[in-house]
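Participant: when you get a sec, could you give me coordinates for this:
(chains A, B, C and D)
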2 protein chains.
Amino acid sequence: MAIPLPGRQVRGSTTGKPIMALLDLLGRTWSLGIIWHLHTGPATFRELQQRCEKISPTLLNTRLKELKTLQLIESQASGYQLSQQGIDLFAIISPLGSWSLQWAQALKEESKL
Amino acid sequence: MAIPLPGRQVRGSTTGKPIMALLDLLGRTWSLGIIWHLHTGPATFRELQQRCEKISPTLLNTRLKELKTLQLIESQASGYQLSQQGIDLFAIISPLGSWSLQWAQALKEESKL
DNA sequence: CACCATGCTACAAATACTGTAGCATGGTGT
DNA sequence: ACACCATGCTACAGTATTTGTAGCATGGTG
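Facilitator: Okay, the predicted model is just below:
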């Protein structure tokens, strides 16, 4: 699957709008998960594999390449880590952590009724 | 694919943590896109199809069911719309819109070098 | 009753992802 | 120098997901 570059046509949208490229990227299996798990600090390939529990090396590598091309992560001697852009992106999505807790709670309440 | 319920094992994680269920959900093709496009207001099935440009009706319907089960959207006479939870979730991710613009700009600058 | 729009399903083809095996490279110890 | 191990990553076949097109069922309108 082609890397979703802003300005280009991407999966699901022909407009080239950056947000569409971003939604395409984040909508791919494991993209969000990798960013999420990398936020706890740099990780080697194998360690990242473990943080992600069940990702196949094939896909991990594919996603890493995409994320690297799109400058959300970078690889250093210490392994892979979020780039400054990646950190900024994570800052936006990090509230999802606590939001998910109250969401889970709400679903639980609902199912009691 | 089973609907990613918080508390259950989901694609990519066995821990049952709500955030993992959420990442699984949002990581599915078009989930984010549907939420994004619904934020501009309620839409009928066919209208939502058009907002999403290229989604197949099969998948649109599948996602709508998931999002409805997970209480992020609800269907009314006026069509589908974000639920209160969906609105809250959108509030978190909405900065992605402007973030994507500067990200696109940065990528463009980079490619000039 | 013909005509049209809408919500949605069917189903086969195309695409993406998984899982296991294992190769290539670069240490470390002897 | 050589066996031994860990790491980053690729190969590839099997499986799951997504797309695309066609079209059915229902309800409203003239």
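
Participant: and for A:Gly12, the neighbour number?
Facilitator: By other C-beta atoms under 10 Å in any protein chain shown, 19 other residues sit near A:Gly12. C-beta here means a position set from N, CA and C on the backbone, and glycine is covered the same way.

Participant: check contacts around it.
Facilitator: A:Met20, A:Leu23, A:Asp24, A:Gly27, B:Thr29, B:Trp30, B:Gly33, B:Cys52, B:Glu53, B:Lys54, B:Ile55 (C-beta atoms under 8 Å, 6 or more residues apart in numbering or on different chains).

Participant: quick one: the fifth one and A:Gly27 touch, right?
Facilitator: So that's B:Thr29. Yes. Contact criterion C-beta atoms under 8 Å: B:Thr29 and A:Gly27 qualify, at 5.5 Å.

Participant: give me the more crowded residue out of these two.
Facilitator: A:Gly27 (21 against 16).

Participant: can you give me the strands for chain A?
Facilitator: With strands called from DSSP state E, chain A shows them at A:73-76, A:79-82.

Participant: in JSON lines, list these along with mean neighbour count and distance to B:Gln76.
Facilitator: Output for the strands of chain A, formatted as JSON lines (neighbours: other C-beta atoms under 10 Å in any protein chain shown; distance: least, C-beta to C-beta, whole Å):
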{"stretch": "strand A:73-76", "mean neighbour count": "14", "distance to B:Gln76": "41"}
{"stretch": "strand A:79-82", "mean neighbour count": "18", "distance to B:Gln76": "40"}
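
Participant: for DNA strand D, find the nearest of those.
Facilitator: Among the strands of chain A, the nearest to DNA strand D by C-beta to the nearest atom of the strand is strand A:79-82 (5.3 Å).

Participant: is any residue of the closest one near chain B?
Facilitator: No. Judged by C-beta under 8 Å from any C-beta of the partner chain, strand A:79-82 and chain B are separated, with a smallest distance of 13.4 Å.

Participant: circling back: who touches both of B:Thr29 and A:Gly27?
Facilitator: A:Arg11, A:Gly12.

Participant: picking that back up, can I get the strands of chain A in JSON lines with distance to A:Leu64 and mean pLDDT?
Facilitator: As requested, these are arranged in JSON lines below (distance: least, C-beta to C-beta, whole Å; pLDDT from 0 to 100):
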{"stretch": "strand A:73-76", "distance to A:Leu64": "7", "mean pLDDT": "96"}
{"stretch": "strand A:79-82", "distance to A:Leu64": "6", "mean pLDDT": "97"}
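
Participant: want to throw those strands into TSV with distance to A:Gln9?
Facilitator: Converted to TSV, those look like this (distance: least, C-beta to C-beta, whole Å):
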stretch	distance to A:Gln9
strand A:73-76	24
strand A:79-82	27
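
Participant: quick revisit: could you flag which of the contacts of A:Gly12 are buried?
Facilitator: A:Met20, A:Leu23, A:Asp24, A:Gly27, B:Thr29, B:Trp30, B:Gly33, B:Cys52, B:Ile55 (16 or more other C-beta atoms under 10 Å in any protein chain shown).

Participant: what's the longest helix in chain A?
Facilitator: Looking across chain A with DSSP state H, the single longest helix is helix A:96-112.
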